[in-house]
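Participant: take a look and give me a structure for this.
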Amino acid sequence: MLNQAESLLQGAGPDLYRVNAFRLVQLPVSASQPRHHAPPRKITMLAKLGGTVDQIRGPLALVPPPNLDMVRAATLRLRDPEVRLLDEFFWFWPEHLAGDSPDPALADLQRGDVAAARKHWQAASPANVVAQHNLAVLAHLMALDLECRALGAGRALDSLLCRMRDQAWADAWKCWQAVLEIQEFWDRFRARIRELSEPQLPEALADEFRRGLPVTLLAINANLAVQWAERRLPPEADRHRGLLRSSGQDAIDADEALRRALRPVRERIKTLCETAVTAGTHDNWQTAVDLFKGVSGLPARDVDRDNLLEDAGPALYRICWFCQKRASEPGSATAVSLYGRVTRTRKGNGESVHWDRQFIEVPRCWQCSQAHESWDLHKALGTIPIGTRPESDKTAFPFVAKYLADGWGMGQAPEGM
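Facilitator: Predicted structure coming up:
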């Protein structure tokens, strides 16, 4: 069962900074609670008149600017003590808790001078835990803003923006790792929770946040990997898998993050298969197969790959593997024999050999079956149906490929048996 912090942190996705209430309504995290009962008057009036609040400027304001509904949603977030704490954690902190002393870095941000704010935090003493936190938030925000831009366009960024994004990711992971390791930062966070004095926010939340933060951060990259995989852009999905590996976090946490990110996709695949059975719709089978093909390369662990394959199995057997568009027909399937788990036991002057067998029928439609029967002739005449792959591609069928990857061999018996 998830603890309070884990439940709260699960709400942190790739849009983490685009729904952050402090960013949307342009309030500092030190703003007093009574100010959160309604959007700032100027923002509300501008939004009513023009539909956006683009006249408002502040620290890293959203582009495009938020509309009134987004501002209202932000004020609701600020009224919820738990969600407010999440948004506060992922926003810029003043150097002093009291907030009465002027903060030069936040003043730079308010003027839109991000470079000056960054320079101020970079020059701070290593003992300045707020500077490390704010550098982490700044780099993370910039990386995710660029990711959201690419997702919105449905394509990779140009080379200059790619370099900016990659540097931002490197800086974000480095700074978040520092934050995780600095006990003084978590003492400061605990003090902030105590200062808020909300019954829903026990001081133990600080320790829970610290334990849950690595998986939360990794889950954002895992979620982006899944989104790009679903859009059939493997290089972008692989880039985020690489970020998971290079994050410096525990590989077990990275696996858990991917598992969480894939859970909704697995549920969609299972639902598509179930509805396809009851409604008899070919489109649902096809959609399930397409989803599976998009994300099948993401899981790092065998058990996660096997679970995903099991979910998609009903759909994979309903679609012809060789054209991947027509419905399969049982009488047209092509067979693959496999052997594995070979054991050899010495007996007298000889040996006894035992092995297991598997027999897999690779789904195929009638048209592809006919093409395979006279493949060489069709190839010579140039009459192979468009999109039909050779019968030899049966070894790539996921259920066959799984056995081959586990060391099984093609055929009914080991060589020489």
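Participant: which residue is the nearest non-sequential neighbour of the residue nearest in space to the middle of the chain?
Facilitator: Geometric centre of the chain, nearest residue: residue 223, 1.2 Å, by CA atoms, centre = their mean. Among residues not flanking residue 223 along the chain, residue 261 sits closest, at 4.6 Å (CB to CB, 6 or more residues apart in numbering). Every residue, glycine included, has its C-beta placed from N, CA and C.
Participant: does the one you found count as helix, strand or coil?
Facilitator: helix (DSSP: H, G, I helix; E, B strand; the rest coil).
Participant: quick one: it and residue 230 touch, right?
Facilitator: No. Using CB atoms under 8 Å, residue 261 makes no contact with residue 230, being 10.8 Å away.
Participant: quick one, which of these two is more surrounded?
Facilitator: residue 261 (24 against 15; other CB atoms under 10 Å).
Participant: can you give me the strands for the protein?
Facilitator: Assigned strands in the chain, in chain order: 334-347, 350-362, 409-410 (criterion: DSSP state E).
Participant: and those strands: which comes nearest residue 256?
Facilitator: The closest of the strands of the chain to residue 256 is strand 334-347. By CB to CB, the value is 30.2 Å.
Participant: and that closest one, what does it pack onto?
Facilitator: strand 350-362, helix 398-405, strand 409-410 (3 or more CB pairs under 8 Å, 6 or more residues apart in numbering; DSSP states H and E).
Participant: what sits against the closest residue to residue 234 other than its chain neighbours?
Facilitator: Using CB to CB, 6+ apart and skipping the chain neighbours, the partner closest in space to residue 234 is residue 297 (7.0 Å). Going by CB atoms under 8 Å, 6 or more residues apart in numbering, residue 297 touches 229, 234, 237-238.
Participant: can I get the residues you listed in CSV with neighbour count?
Facilitator: Below are the contacts of residue 297 laid out as CSV (neighbours: other CB atoms under 10 Å):
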residue, neighbour count
229, 25
234, 14
237, 22
238, 15
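Participant: could I get the strands of the chain as CSV with mean pLDDT and distance to residue 320?
Facilitator: Shown next, in CSV, are the strands of the chain (pLDDT from 0 to 100; distance: least, CB to CB, whole Å):
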stretch, mean pLDDT, distance to residue 320
strand 334-347, 88, 10
strand 350-362, 89, 9
strand 409-410, 92, 21
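Participant: now do the contacts for the residue nearest to the centre of the chain.
Facilitator: Counting by CB under 8 Å, 6+ apart, residue 223 has contacts 13-14, 261.
Participant: which one of the residues you listed is nearest residue 322?
Facilitator: Out of the contacts of residue 223, the member with the shortest distance to residue 322 (by CB to CB) is residue 261, at 31.0 Å.
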